[in-house]
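> coordinates for the following, if possible.
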Amino acid sequence: MADPPPAHSLRLQKFLHAGPARHLGRLSNLRLGIVKVFIVTPENPGGTSGNSITATRWAGILRALGHEVALGTEWQDQKCNLLVALHARRSYSSIDRFRTAYADHAVIVALTGTDLYHDLQVSHEARRSLVLATRIIALQNLAGAELDANDRDKLRIVYQSAKPPGQTERPRDDCFEVSVLAHLRDVKDPLRAASASTALPSQSRIAIHHAGKAMDPKWKALAVEESRINPRYHWLGEQTHEQAIRLLARSRLTVLSSLMEGGSSTIAEAVVCGVPILCSKISGNAGMLGPDYPGFFPVEGTAELTALLRRAESDANFLLTLRSAMEVFRSRFTPEREAESWMKLLQELA
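As a prediction, the model looks like this:
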């Protein structure tokens, strides 16, 4: 007799779309219950940016739920009955044209960190995208504080899921490896861990290994120079997603120092890999880990991050405390939870 499918597969199967068309009947142009979805992402699908990774993962989830999905950097009259747009401001032209062409079709707008904590305050296009949206997605539970009452009524939280790497490595014995997974751009404050490491005592074995693409020549020059003058810091450049997750999974600690986040995939990945994380205390991070997470440090808080790095290296109980504080959120970031969130959202639109 064949072995029964694993429990997680059974949990996912119950969310797969297998019912008649009436379940999603108010999304027009259905064919045998299949929704044609077009996902707009500002960056090219298949890249290593957060938006690209999210769009690709959502496409996989929606296909697993039985629907047809296409992706692109803008909507150009592709036939679909549901538009999913990442980034309210940068995807505004697609949202506006789609809504003009199909007034009765559904539009889901997914909010990024720059949407929530900058663009909605200054950009008419970002705000207009939310007016045009049928539903709004955020990736963490404090996002609603940035929206007005009408937009909050449309808001649904879809936590990003993550999985450990297919191949894992043992933590390195020759150093206390601290990973940083962040592309080099201003909003990520990407060299904060490197700066904090310069004040560590000489006996410290901490080494900062940073995976991320330099988004402009300025940041490339800064990372190269920091690698030259700081023996604790090693910039690895752009890595594939699998390479980056393997780095994270073998690390003893990871650092996320962003100035703003809509909902960091690094947090989800650290939680499911069981790797303690130190991160800036911003709404996007607190919305994923809770406001009392013990691994927070102030934005641009170099001295505070140095102190936390020293404590993490020298105090095994502190690492256990961080892991325990993260573990309670593990179920929040499972593929089954994310698939369920999408299924419920589609059912609402029906």
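
> which SSE is immediately downstream of the worst-scoring helix or strand of the chain on mean pLDDT?
Least confident helix or strand, the chain: helix 7-13 with a mean of 39, by mean pLDDT, DSSP states H and E. Per DSSP states H and E, the first helix or strand lying C-terminal to helix 7-13 is strand 36-40.

> run through who's touching that next one.
Residues from elsewhere that reach strand 36-40 (CB atoms under 8 Å, 6 or more residues apart in numbering): 29, 45, 55, 58-59, 62, 67-75, 78-86, 91, 94-95. (Glycine included, C-beta is placed from N, CA and C.)

> which neighbours does it have in its sheet, and in what orientation?
If you go by DSSP bridges, strand 36-40 pairs up with strand 68-72 (parallel), strand 82-86 (parallel).

> can I get the helix or strand that that strand is followed by as PDB, trimmed to CA atoms?
Counting by DSSP H and E, the element after strand 36-40 in chain order, helix or strand, is helix 50-64. Listed next in PDB are the C-alpha coordinates belonging to helix 50-64 (Å, rounded to 0.1, in the frame of the first residue of the first chain):
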ATOM      1  CA  GLY A  50      11.400  41.300  -3.000                       C
ATOM      2  CA  ASN A  51       8.600  42.300  -5.300                       C
ATOM      3  CA  SER A  52       9.700  39.800  -8.000                       C
ATOM      4  CA  ILE A  53      10.000  37.000  -5.500                       C
ATOM      5  CA  THR A  54       6.600  37.800  -4.000                       C
ATOM      6  CA  ALA A  55       4.900  37.900  -7.500                       C
ATOM      7  CA  THR A  56       6.500  34.600  -8.500                       C
ATOM      8  CA  ARG A  57       5.400  32.900  -5.300                       C
ATOM      9  CA  TRP A  58       1.800  34.300  -5.600                       C
ATOM     10  CA  ALA A  59       1.700  33.100  -9.200                       C
ATOM     11  CA  GLY A  60       2.600  29.600  -8.000                       C
ATOM     12  CA  ILE A  61       0.000  29.600  -5.300                       C
ATOM     13  CA  LEU A  62      -2.800  30.800  -7.600                       C
ATOM     14  CA  ARG A  63      -1.800  28.100 -10.200                       C
ATOM     15  CA  ALA A  64      -1.900  25.500  -7.400                       C
END
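
> hang on, the earlier thing: buried members of the contacts of strand 36-40 into PyMOL, please.
Typed into PyMOL, the line below selects the buried ones among these, using 16 or more other CB atoms under 10 Å:
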select buried, resi 45+55+58+59+62+67+69+71+73+75+80+81+82+83+84+85+86+91+94+95
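
> next, work out how far apart the most centrally placed residue in the chain and Arg337 are.
Taking CA atoms, centre = their mean, the centroid of the chain lies closest to Ser265, which sits 2.9 Å from it. Distance of Ser265 to Arg337, given as CB to CB, to the nearest Å: 14 Å.

> tell me the bridge partners for Ile136.
Under the criterion used (DSSP bridges), Ile136 bridges to Val109, Leu155.

> now do Arg310 against Met343, distance only.
45 Å.

> surely Tyr233 touches Ser227?
Yes - look at Tyr233 against Ser227 with CB atoms under 8 Å: they come within range, at 5.7 Å.

> out of those two, which sits in the busier spot?
Neighbour totals were compared for Tyr233 and Ser227, and Tyr233 leads with 23 against 17 (other CB atoms under 10 Å).

> circling back to that earlier point, wait, doesn't the residue nearest to the centre of the chain sit right on Gly50?
Yes - with contact defined as CB under 8 Å, Ser265 and Gly50 form a contacting pair (5.7 Å).

> ok now the helix or strand in which Ser129 is found, how far from the chain's centre?
According to DSSP H and E, Ser129 maps onto helix 124-132. For helix 124-132, the separation from the chain centroid amounts to 22 Å (computed by CA atoms, centre = their mean, to the nearest Å).

> with stretch 202-220 instead?
Taking mean C-alpha positions (CA atoms, centre = their mean), stretch 202-220 and its chain are 20 Å apart.

> number the chain from 3, please
Sure, I'll start counting at 3 from here, so that last one is stretch 204-222.

> identify all contacting residues around that stretch.
With CB under 8 Å, 6+ apart as the criterion, stretch 204-222 contacts 50, 177-187, 190, 192, 195-196, 199, 202, 225, 234-241, 245-246, 249, 253, 257, 311-312, 315.

> what sits closest to Ala112 if chain neighbours are left out?
Ile139 (4.2 Å; CB to CB, 6 or more residues apart in numbering).

> who are the neighbours in contact with the one you found?
110-113, 157-160, 347.

> what's the burial count for Lys222?
So Lys222, with other CB under 10 Å, has 15 neighbours.

> what's the helix or strand for it?
helix 219-231.

> what about Gln245, how many neighbours?
Using other CB under 10 Å: Gln245 sits among 14 other residues.

> tell me the SS of it?
In three-state terms, and counting by DSSP: H, G, I helix; E, B strand; the rest coil, Gln245 is helix.

> so which residues of the stretch 103-252 of the chain form strands?
108-112, 137-140, 157-159, 178-183, 208-213, 235-239 (DSSP state E, counting those that start in this stretch).

> great, nothing more from me.
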